[in-house]
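Chemist: any chance you can model this:
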Amino acid sequence: MNKPAKKGFTLIELLVVISIISLLATLAVTALNNARVKSRDARRKADIKQISTALDLNYDKHGAYTQPEQCCTDTSVGCGGCGCAVTNYPNGTDWDTNCDLRDLITDGFMGKLPKDPLNNSSYFYSYEPENQNQTLSLCARLEAGGTFCINRP
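Modeler: Numbers count the residues shown, from 1 in each chain. From the prediction side, this is the model:
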């Protein structure tokens, strides 16, 4: 009598296949995360440019850059001097109430104020008018490293 042949995969073959699948999945997740970082950084740059354009239009209309209402002086909450930042406070969903740039909306230069895609204590937009509101600094921190700023002399 002949012994019937065993059908199936050996343990080694299964482990090799599982290892290859795991490696491919890891590479795919890494590539996806890098694409997400690049996408958020591209949005940050576009938002800063949009805000800058609206501030320039506002400057042309009023002869000065927008001064945030109620200049804040508490640097522990994201404000420096009379500037402001978009942070995750007071409720994580909007610009800080001391940093009122809503006149860009009421004057029709923007439909709404953009927020950082992550909008947390590490990633937010900052705006600081300087020199009696004749110059400005508008910045966003990038996840890929560095900061993207637009400064107007």
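Chemist: buried ones in stretch 48-58?
Modeler: With burial defined by 16 or more other C-beta atoms under 10 Å, the residues of stretch 48-58 counted as buried are 48, 50, 51, 52, 54, 55, 58. Where you see a C-beta, it was placed from the backbone N, CA and C, and this is true even at glycine.
Chemist: show me how far the one helix or strand the last one maps to is from its chain's centre.
Modeler: In other words, residue 58. Per DSSP states H and E: residue 58 is located in helix 11-62. Mean C-alpha position of helix 11-62 versus that of the full chain (C-alpha atoms, centre = their mean, to the nearest Å) differs by 11 Å.
Chemist: helices or strands next to it in the packing?
Modeler: Based on contacts counted as 3 or more C-beta pairs under 8 Å, 6 or more residues apart in numbering; DSSP states H and E, the elements that helix 11-62 packs against are helix 103-106, strand 125-130, strand 135-141, strand 147-152.
Chemist: from the buried residues of stretch 48-58, which two are the most distant?
Modeler: Farthest apart among the buried residues of stretch 48-58 by C-beta to C-beta are 48 and 58. That separation is 15.3 Å.
Chemist: just send the helices and strands packed on helix 11-62 back as JSON lines, with mean neighbour count and mean pLDDT too.
Modeler: JSON lines is the format used below for the helices and strands packed on helix 11-62 (neighbours: other C-beta atoms under 10 Å; pLDDT from 0 to 100):
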{"stretch": "helix 103-106", "mean neighbour count": "14", "mean pLDDT": "83"}
{"stretch": "strand 125-130", "mean neighbour count": "22", "mean pLDDT": "80"}
{"stretch": "strand 135-141", "mean neighbour count": "19", "mean pLDDT": "86"}
{"stretch": "strand 147-152", "mean neighbour count": "14", "mean pLDDT": "90"}
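Chemist: let me know which of the ones you listed is the nearest to residue 14.
Modeler: The nearest among these, by C-beta to C-beta, is strand 135-141 at 46.1 Å.
Chemist: pairing partners for the closest one, with directions?
Modeler: Next to strand 135-141 in the sheet, as set by DSSP bridges, lie strand 125-130 (antiparallel), strand 147-152 (antiparallel).
Chemist: now those as JSON lines including distance to residue 63?
Modeler: Shown next, in JSON lines, are the strands paired with strand 135-141 (distance: least, C-beta to C-beta, whole Å):
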{"stretch": "strand 125-130", "distance to residue 63": "13"}
{"stretch": "strand 147-152", "distance to residue 63": "14"}
